[in-house]
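Peer 1: Predicted model and sequence below, questions to follow.
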There are 2 protein chains.
Amino acid sequence: MKTTESTFTIKQIADQTGVSTDTIRYYEKISLLPRADRKDNRHRIYRQKDIDMIWLITCLKKTGMSLEEMRPFLAVPTDSDPAQYPELVAKLKNHRENIVSQLASLQQIIDFIDMKLEEGRYRRNDLDNL
Amino acid sequence: MKTTESTFTIKQIADQTGVSTDTIRYYEKISLLPRADRKDNRHRIYRQKDIDMIWLITCLKKTGMSLEEMRPFLAVPTDSDPAQYPELVAKLKNHRENIVSQLASLQQIIDFIDMKLEEGRYRRNDLDNL
DNA sequence: TCTTGACATGGAGTTGACTCCAAGTTATAC
DNA sequence: GTATAACTTGGAGTCAACTCCATGTCAAGA
């Protein structure tokens, strides 16, 4: 009872994800993305899971992860049992810690911004309170 | 009743902040940091506020902000009234929004990691739940 | 059939952010 | 007084991550 999954062109997923077609092809070239399926005319075709993967890349990028560092994360089959990949589990845990401490830093910056924005009466050593 | 503030060498603040001396000089060269005061022997001297500023740079960098983008943030005198800088207030508000949405994305990744780590029984379409 | 447009490929060029280097200065240790 | 170490400067080199370009293919419309 499998419904036919809708497919997209490279331009369409570029528009959807905000990542340029050149960049998507670049990600494929460096094997960050798997080689996309092709139509008879050699044009790439994409499915929802490809969009998810590009979204994950942009999201990890925002956390300061380099393309090289995120390779192992992208290599996990999305329907797999993580217990099968102990090294990856360690990496995930480690990056989780990085993100958590980053969250704390971000929160501090937001606090600083809020203080700057909302309280003109604090005139001294705002940065000290970071 | 002003106590003499302690000063540091470039090497010392490099060690304290985890930013290399070359990078600190580079930040000064591109005027991201103000020109540091010099001793008689032309060596740079730093104070606590300089360390705070470098800390702020690394923190903003982690939020995905480029060096160029953070210039206006660094230009605020730390003892100033933000109401005097309406453009900066707008930029701060805008970046605050960016960070908040980034926090949400990070939280989603953490949820994804936790799911991967803690629940081997979810075998299908984990990414769909992002 | 000819043109147009969206795609393909390989490779060169660009940009931001360092990172390294050579040559010079100054203070301290021997 | 000379060697060593810690700094100075200007500028060149490196690297990741694109971004652009020339050239070519293919399908559809006039």
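Peer 2: Arrived safely. Remember, predicted model here, so these are calculated numbers, not experimental data. Residues are numbered from 1 along each chain as shown, chains lettered A, B, ... in the order given.

Peer 1: Domains of chain A: list them as residue ranges, please.
Peer 2: Under the assignment automatic domain parsing, the domains of chain A span A:1-74, A:76-130.

Peer 1: Just give me the lowest mean pLDDT stretch among these.
Peer 2: Least confidently modelled of these is domain A:76-130, at a mean of 61 by mean pLDDT.

Peer 1: so the helix or strand harbouring A:Lys49 versus helix B:48-62, what angle?
Peer 2: Assessed by DSSP states H and E, A:Lys49 sits inside helix A:48-62. Interaxial angle of helix A:48-62 relative to helix B:48-62 (axes from the mean of the first three to the mean of the last three CA atoms, to 10 degrees): 170 degrees.

Peer 1: After helix A:48-62, which helix or strand is next?
Peer 2: helix A:67-75.

Peer 1: counting contacts, what elements does that next one pack onto?
Peer 2: When contacts are defined as 3 or more CB pairs under 8 Å, 6 or more residues apart in numbering or on different chains; DSSP states H and E, helix A:67-75 packs onto helix A:48-62, helix A:86-118. Where you see a C-beta, it was placed from the backbone N, CA and C, and this is true even at glycine.

Peer 1: secondary structure class for A:Lys45?
Peer 2: For the record, residue A:45 is Ile, not Lys. At A:Ile45, secondary structure determined by DSSP: H, G, I helix; E, B strand; the rest coil is strand.

Peer 1: contacting residues around it?
Peer 2: Going by CB atoms under 8 Å, 6 or more residues apart in numbering or on different chains, A:Ile45 touches A:7-9, A:36-39.

Peer 1: what's the spacing between it and A:Ser31?
Peer 2: 18 Å (CB to CB, to the nearest Å).

Peer 1: same question, A:Ile10
Peer 2: 17 Å.

Peer 1: Can you pick out the residue with more neighbours from those two?
Peer 2: A:Ile10 (19 against 10; other CB atoms under 10 Å in any protein chain shown).

Peer 1: from memory that one sits against A:Ile24, does it?
Peer 2: Yes: with contact defined as CB atoms under 8 Å, A:Ile10 and A:Ile24 form a contacting pair (5.9 Å).

Peer 1: How much space separates A:Glu97 from A:Met65?
Peer 2: Taking CB to CB, one finds A:Glu97 at 13 Å from A:Met65.

Peer 1: Just want to know which of these two has more residues nearby.
Peer 2: A:Met65 (17 against 10).

Peer 1: ok, how many other residues are close to the residue nearest to the more buried one when sequence neighbours are not counted?
Peer 2: Nearest residue to A:Met65 in three dimensions, chain neighbours excluded: A:His95, at 7.1 Å (CB to CB, 6 or more residues apart in numbering or on different chains). Using other CB under 10 Å, A:His95 has 22 neighbouring residues.

Peer 1: just the one 3 residues further on next, same as before
Peer 2: Neighbouring residues of A:Asn98 were enumerated by other CB under 10 Å; the total is 13.

Peer 1: That concludes my questions; thank you for your assistance.
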